[in-house]
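A.B. asks: Build me a structure from this.
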Amino acid sequence: MKRFLMICLIALVAVSAFAGGSKEKAAAAEGEYANIKIGFIFLHDPASSTYDNNFYQAALQVQKALGLSDSQVIFKWNVEEGAPCYETACDMADAGCNIVFADSFGHETYMIQAAREYPNVQFCHATGTKSRTEGVANFHNAFASIYEGRFLTGIAAGMKINEMIAAGKFPAEKAKIGYIGAYPYAEVISGFTSFFLGARYVCPTVTMEVTYTNSWFDIAKEKTGAETLINNGCIFISQHADSEGAPKACEERGVPNVAYNVSTINLGPNTALISSKINWAPYYEMIIKAVAKGESFATDWCGTVDTGSVELTELNEKIAAKGTKEAIEKAKADLASGKLHVYDTKSFTVGGKHLTEYLADVIDKGDFQPETNVIVDGVFVESGEQFRSAPYFDMLIDGIKKYE
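C.D. replies: Numbering: from 1, shown residues only. Prediction:
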């Protein structure tokens with residue numbers, strides 16, 4: 001009875017999610033995608049979380065591009081990282097979904113559990129690490145080389161900092177960035193390190209101070225974190241957390257900032273510079289087309305700038321330093337050509353030393369033991385096909401310190 005009621009609820013959500021749509025959209029899709037039905041599981045709702053909204057907007061984009069009807073797309077919001085995820089995934093499979101996607105790291109174990117029970121349904125999970133080790137043929141992980149996007153926004157930040165130094169707002173040695181991170185996980189550490197390296201690429205005196213909220217979404221903590229870092233002398237703020245708390249604090253204090261997942265210029269017209277984001281539409285489109293054709297697809301997939309998976313939001317020309325757009329485009333071209341590498345070991349030190357090898361916990365056996373040397377030809381090889389899509393850069397490099 002519980003399963004039946006849940007199926008009914010999911011069906012109701014699917015219908016109501018697009019209430020008011022055209023008659024054409026209400027009809028089932030025809031042609032090669034007529035047999036596709038895809039369910040999306042979100043940790044939060046798109047109205048409150050920039051993270052979940054980013055996934056949602058990509059889903060709407062692909063639904064429109066492929067002509068999927070409302071009855072072919074199911075959305076489920078506020079699904080906890082626990083048994084509710086497993087139950088929701090199973091209910092979606094029972095409701096006829098041949099693809100189920102979940103967006104939060106903590107959903108992974110429960111998605112795998114559902115995948116084992118429904119071998120004819122493809123279960124896809126963002127940010128996870130276990131698809132290569134679990135041996136479940138219909139379970140997949142996906143991520144993107146977002147560290148490249150963060151590096152590029154770091155360049156925008158460094159250009160702005162240089163402009164402020166030249167204007168006499170503070171001396172070069174006081175160029176300290178503040179960063180609000182959700183958790184001290186590799187995904188967050190990789191993100192703030194690549195952002196820092198981008199800023200230092202154009203402003204060599206930059207340092208960074210990081211504080212953690214221990215929550216992916218907490219408006220009050222993120223705002224307080226930004227205020228604390230500003231009070232501690234940080235002249236620029238960035239973040240890997242999912243609310244508008246930090247951008248609002250920056251606007252109130254007149255401190256420039258870079259956000260994540262969505263443009264925050266509407267929240268901070270005088271301070272919001274740019275954001276980086278993962279565009280999930282290329283991945284959604286790929287898996288839908290593969291399932292429609294009865295083809296296999298990657299167990300562990302990593303999108304890039306070239307696949308359209310790593311994007312920057314609009315640059316706020318009102319506050320950006322002169323030449324920022326050109327600097328970003330040049331760096332993007334150099335990254336694409338291989339002339340530039342975000343984690344070139346010559347560009348950073350740990351404990352005063354350049355690294356020649358580093359063992360990372362790439363193969364997730366649940367023991368948290370590093371086993372893979374990820375430095376190849378002088379470069380720390382982060383997210384990609386060579387090792388794993390989800391980030392594993394987890395060290396604190398010189399120039400970055402945790403706020404105490």
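
A.B. asks: could you measure Val292 against Gly191, distance?
C.D. replies: That one is not Val; residue 292 is Ala. Distance of Ala292 to Gly191, computed by CB to CB, to the nearest Å: 34 Å. All C-beta atoms are positioned from the backbone trio N, CA, C, and that covers glycine.

A.B. asks: Mind checking which of those two has more residues around it?
C.D. replies: Just comparing Ala292 and Gly191: by other CB atoms under 10 Å the higher neighbour count belongs to Gly191, 26 against 17.

A.B. asks: Just the pLDDT for the residue nearest to Ile41 when sequence neighbours are not counted.
C.D. replies: The shortest distance from Ile41 to any non-neighbouring residue, by CB to CB, 6 or more residues apart in numbering, is to Ala102 (4.1 Å). pLDDT, Ala102: 98.

A.B. asks: number of nearby residues for Ala102?
C.D. replies: Neighbouring residues of Ala102 were enumerated by other CB under 10 Å; the total is 30.

A.B. asks: can I assume it is in contact with Ala126?
C.D. replies: Yes - using CB atoms under 8 Å, Ala102 is in contact with Ala126, at 7.1 Å.

A.B. asks: Torsion angles phi and psi at the residue nearest to Ile41?
C.D. replies: Torsion angles at Ala102 (phi, psi; degrees, to the nearest 10) stand at phi -130, psi 150.

A.B. asks: What's the separation between it and Val188?
C.D. replies: Ala102 sits 19 Å away from Val188, going by CB to CB.

A.B. asks: just Phe348 next, same as before
C.D. replies: As judged by CB to CB, Phe348 and Val188 stand 17 Å apart.

A.B. asks: now swap in Glu385 and tell me
C.D. replies: Computed as CB to CB, the Glu385 to Val188 distance reads 23 Å.

A.B. asks: The two: which has the busier surroundings?
C.D. replies: More crowded of Glu385 and Val188, by other CB under 10 Å: Val188, with 22 against 11.

A.B. asks: name the helices or strands packed onto the host helix or strand of the more buried one?
C.D. replies: Taking DSSP states H and E as the criterion, Val188 maps to helix 186-202. If contacts are counted by 3 or more CB pairs under 8 Å, 6 or more residues apart in numbering; DSSP states H and E, helix 186-202 sits against helix 146-166, strand 176-181, strand 207-212, strand 236-240, helix 324-337, strand 400-402.

A.B. asks: which intervals of this protein have sub-threshold pLDDT?
C.D. replies: Applying pLDDT under 70 to the chain flags residues 1-30.

A.B. asks: Could you report the distance from the residue positioned nearest the centre of it to Val305?
C.D. replies: The centroid of the chain falls nearest to Ile278 when counting by CA atoms, centre = their mean (5.3 Å). To Val305, Ile278 is 11 Å away according to CB to CB.

A.B. asks: overlap in contacts of those two?
C.D. replies: Common neighbours of Ile278 and Val305, using CB atoms under 8 Å, 6 or more residues apart in numbering, are Gly149.
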